[in-house]
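One predicted model, sequence on top.
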Protein chains: 2
Amino acid sequence: MTSGTHTDLTKNQSLVFTSLSEASGPLTAYAILDQLREHGFRAPLQVYRALEKLVEFGMVHRLESLNAFVACRHKGCADHKTAAFAICENCGDVSEFSPDEAMALLSDWTRENGFQLSRTTIELRGQCQDCADSNPH
Amino acid sequence: MTSGTHTDLTKNQSLVFTSLSEASGPLTAYAILDQLREHGFRAPLQVYRALEKLVEFGMVHRLESLNAFVACRHKGCADHKTAAFAICENCGDVSEFSPDEAMALLSDWTRENGFQLSRTTIELRGQCQDCADSNPH
DNA sequence: GTTTATAACGTAATAACATTACATATACCC
DNA sequence: GGGTATATGTAATGTTATTACGTTATAAAC
């Protein structure tokens, strides 16, 4: 083995990750639970425990403004401490991107203010291009 | 009257705003409710309704990663669509700042991707200077 | 191969956060 | 007064997340 891959997921972690990977958008913990009942899941904690690890591994992100979770689709994301998300309030679509330059400026602030950064949440809410095109204002 | 001041708060809005203004940090809706029981508050919805308006007025911010609310302490904040927060996970202290340059870069992304931005959440988690000094790693 | 330690898992109960639904009140305009 | 819009009161419920406790799987140490 070379580096930080995670083929070593447990059964529950795999099930939760697969569920998120196959979803077209973010899922709440309880939505995941419902999907996985047929695989034997019975309680929220089974989902939350798996999610905790998957987030720790960098394979899943939590969307704070949605109380939901997405599989990371951002190539190389595990190398980043930060991801940013654009969330369409019309269709629910979520785009992940890497706000490197913006993050550098936020890091300037933390440096100037002696703040020891551990994680960053950046979430943009609005309308995606498709929805803006079909719902003109 | 000149401009966007809000001396015209309703009774409930005033009570909730005062509660948040006098607090040393963010409060959850239920913490506000408990504080305001002596003023006749009886149900969560009384708090949530007031908060909704106060956020709309730009007088209060919601911290998504905390499910809590803070009174805006940022001079001129009402002019900004965006505020950023540095949240100390040790002492709970929250610093608000105006991430103008970072926001400009995020706006570049939205422009390039046709995303119609309505609001932005930027929350930094970590340790404030005071806590980092007293809890060295 | 048994002991020991650690991480993962199962289940129930409960806590914490937020909304829906419906009835009433208040204020402002005509 | 009648009509409209906004604010309020209250109860019930829905949604999200955690605590507590006990068991099972895994792997290293002896």
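Now that the structure is in, tell me what you want to look at.

Show me which residues of the helix or strand bottoming out on mean pLDDT in chain A are buried.
Lowest on mean pLDDT, DSSP states H and E among the helices and strands of chain A sits helix A:129-134, with a mean of 92. Applying a neighbour-count criterion of 16 or more other Cβ atoms under 10 Å in any protein chain shown, one finds A:131-132 buried in helix A:129-134. Heads up, the C-betas are built off the backbone N, CA and C, glycines and all.

So it, near chain B or not?
Yes. Helix A:129-134 lies within reach of chain B by Cβ under 8 Å from any Cβ of the partner chain, at A:129, A:132-133.

Name the nearest of those relative to DNA strand C.
The shortest approach to DNA strand C among those belongs to A:Ala132, at 23.6 Å (Cβ to the nearest atom of the strand).

about what we covered before: chain center to the least confident helix or strand of chain A: distance?
Computed by Cα atoms, centre = their mean, to the nearest Å, the chain-centroid distance of helix A:129-134 equals 23 Å.

Repeat that for stretch A:67-75.
For stretch A:67-75, the separation from the chain centroid amounts to 3 Å (computed by Cα atoms, centre = their mean).

what pLDDT, on average, does it get?
The average pLDDT within stretch A:67-75 is 90.

Next, the residues that contact the least confident helix or strand of chain A from outside, please.
A:88, A:90-91, A:93, B:113-116 (Cβ atoms under 8 Å, 6 or more residues apart in numbering or on different chains).

picking up where we left off before, may I see the residues of helix A:129-134 next to chain B arranged in CSV, with distance to B:Thr18 as well?
Formatted as CSV, these follow (distance: Cβ to Cβ, whole Å):
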residue, distance to B:Thr18
A:Gln129, 43
A:Ala132, 39
A:Asp133, 45
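
tell me which of these is nearest to B:Gly25?
Nearest to B:Gly25 among the residues of helix A:129-134 next to chain B: A:Ala132, at 37.4 Å, using Cβ to Cβ.

The helix or strand that contains A:Leu124 vs DNA strand C: in contact?
Assigned by DSSP states H and E, A:Leu124 belongs to strand A:116-127. No. Shown here: strand A:116-127 not in contact with DNA strand C (Cβ under 7 Å from any atom of the strand), separated by at least 13.6 Å.

Adjacent strands (with direction) for that strand?
With DSSP bridges as the test, strand A:116-127 is paired with strand A:84-88 (parallel), strand B:116-127 (antiparallel).

Just put those strands in TSV and tack on distance to B:Ile32.
Shown next, in TSV, are these (distance: least, Cβ to Cβ, whole Å):
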stretch	distance to B:Ile32
strand A:84-88	27
strand B:116-127	20
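
Let me know which of these is the nearest to A:Phe97.
Set against A:Phe97 and scored by Cβ to Cβ, those come closest in strand A:84-88, at 5.4 Å.

who's in contact with A:Glu123?
A:Glu123 neighbours (Cβ under 8 Å, 6+ apart): A:63-65, A:84-85, A:87, B:64, B:120-121.

Please apply the same query to A:Pro99.
Contacts of A:Pro99 by Cβ under 8 Å, 6+ apart are A:82-84, A:122, B:102, B:105-106, B:109.

Would you list the phi and psi of it?
phi -90, psi 60 (degrees, to the nearest 10).

Which pLDDT value goes with the spatially most central residue of chain A?
Geometric centre of chain A, nearest residue: A:His61, 2.1 Å, by Cα atoms, centre = their mean. A:His61 is assigned 96 on the pLDDT scale.

Is any residue of the helix or strand in which it is found near chain B?
Using DSSP H and E, A:His61 falls within strand A:60-63. No. Strand A:60-63 stays clear of chain B (Cβ under 8 Å from any Cβ), getting no nearer than 8.8 Å.

Stretch A:29-43 too?
No. Figure legend: stretch A:29-43 not in contact with chain B (Cβ under 8 Å from any Cβ); closest approach 14.8 Å.
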